[in-house]
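>>> Sequence first, predicted model second:
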Amino acid sequence: MDIRIDDFHGAEIAALLQEHLDDMALHSPPESIHALDLENLRRPEITFWTVWEDGELLGCGAIKQLDPTHGEIKSMRTSRHHRRKGVARLMLQHILAEAERRRYQRLSLETGSAAAFEPARQLYAQFGFTSCGPFANYVEDPYSVFMTRTFNAI
């Protein structure tokens, strides 16, 4: 599998992000969906990667810089056709390495509270993320789970 910074020009990424947004809508009301669309992922504070294998898009993930020491994981998604193949694990490892390279002290995320999000919450927990309160501009929401991980100072 190959991870690369994405330029958002392929039809495949637009389709994967739409799949992501459609799936979020199945499990959360509109006001509780924090997934970003293609346009909002183009912001300068966001770095967005895609995972490819043999010319096929498998998944994506991003970091949004909240401040010089704190980042947020955004848009972690594995294509429904490639689940249970280690795509999310690989992307999360990549994002964690980038957070360390940037010398972030903390990396946080928001994910859903519904049962459909349990595999994601378990994956994050396996990599040292623990529950926390809302961060950045988030507020308490019964449809959201907030998690964070700190990094040792270098």
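Yep, it's here. Numbering: from 1, shown residues only.
>>> count of residues packed around the nearest residue in space to residue 61 that is not next to it in sequence?
Leaving aside its sequence neighbours, residue 61 sits nearest to residue 91 (C-beta to C-beta, 6 or more residues apart in numbering; 4.1 Å). Quick note: C-beta positions are derived from backbone N, CA and C, even for glycine. Using other C-beta atoms under 10 Å, residue 91 has 25 neighbouring residues.
>>> Please apply the same query to residue 53.
The burial count assigned to residue 53 is 13, neighbours taken as other C-beta under 10 Å.
>>> mind listing the strands in the chain by residue range?
2-5, 46-53, 56-67, 70-78, 106-112, 130-132, 144-150 (DSSP state E).
>>> Check the offset of the longest one from the chain's centre.
The reference is to strand 56-67. 6 Å (C-alpha atoms, centre = their mean, to the nearest Å).
>>> Just the buried positions in that strand, please.
Buried residues in strand 56-67, counting neighbours by 16 or more other C-beta atoms under 10 Å, are found at 57-66.
>>> bridging residues for residue 130?
In this structure, residue 130 bridges to residue 148 when assessed by DSSP bridges.
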